[in-house]
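Asker: pasted the sequence and its predicted model underneath.
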Amino acid sequence: QVQLVESGGDLVQPGGSLRLSCVASGTIFTITAMGWYRQRPGQQRELVATITKRGNTNYADSVKGRFTISRDNAKKTIYLQMNSLKPEDTAVYYCNSDLRISITDITRSYYGQGTQVTVSS
């Protein structure tokens with residue numbers, strides 16, 4: 001069984017910073033990519049940032065220059081450093097991982113339970 005556990009969500013003032021973490025655990029053969037998605041109130045889940053095993057990154061236009069995704073492959077952990085936060089960044093942030101649980105498995109996508117980020121004065 002695969003688990004993705006996020007942490008770091010909080011209430012922060014506009015212009016502030018937060019760092020989210022996500023740890024993958026369980027039966028994992030290989031992780032292809034990991035990333036962060038978010039769901040703002042009344043909206044669909046959207047991509048925030050992704051990072052491949054080799055470190056290639058991709059960001060939503062709305063967070064470019066403010067957010068930075070990084071990963072520690074040995075720890076099966078990714079981070080999202082969020083700076084210059086805006087009220088519109090308020091959302092539940094979900095960790096995602098594309099991985100295989102065995103050498104014979106296909107690549108599947110998993111999500112964590114989410115962590116709340118609220119940007120408000």
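Answerer: On my side now, so go ahead.

Asker: this protein: helices as residue ranges?
Answerer: Remark: no helices are assigned in the chain by DSSP state H.

Asker: shaky segments in it?
Answerer: Residue ranges of the chain with pLDDT under 70: none are present.

Asker: now do the residue nearest the centre of it against residue 29, distance only.
Answerer: Among the residues of the chain, the one closest to the centroid is residue 36, at 2.5 Å (C-alpha atoms, centre = their mean). Distance from residue 36 to residue 29, counting by C-beta to C-beta, to the nearest Å: 23 Å. C-beta: built from backbone N, CA, C; applies to glycine.

Asker: so which residue of the protein lies furthest out from the middle?
Answerer: residue 104 (26.5 Å).

Asker: now do the same contact list for it.
Answerer: Not one residue lies near residue 104 by C-beta atoms under 8 Å, 6 or more residues apart in numbering.

Asker: list the buried residues for stretch 46-65?
Answerer: Applying a neighbour-count criterion of 16 or more other C-beta atoms under 10 Å, one finds 48, 49, 50, 51, 59, 63 buried in stretch 46-65.

Asker: can you check stretch 33-42 too?
Answerer: Neighbour-count burial for stretch 33-42, counted by 16+ other C-beta under 10 Å, picks out 33, 34, 35, 36, 37, 38.

Asker: for those residues, which one is nearest residue 4?
Answerer: Proximity of the buried residues of stretch 33-42 to residue 4 (C-beta to C-beta) peaks at residue 34, which lies at 8.5 Å.

Asker: just checking, that closest one touches residue 51?
Answerer: Yes: if you go by C-beta atoms under 8 Å, residue 34 and residue 51 touch, sitting 6.0 Å apart.

Asker: shared neighbours, those two?
Answerer: 71, 78.

Asker: who's in contact with residue 56?
Answerer: Per C-beta under 8 Å, 6+ apart, neighbours of residue 56: none.
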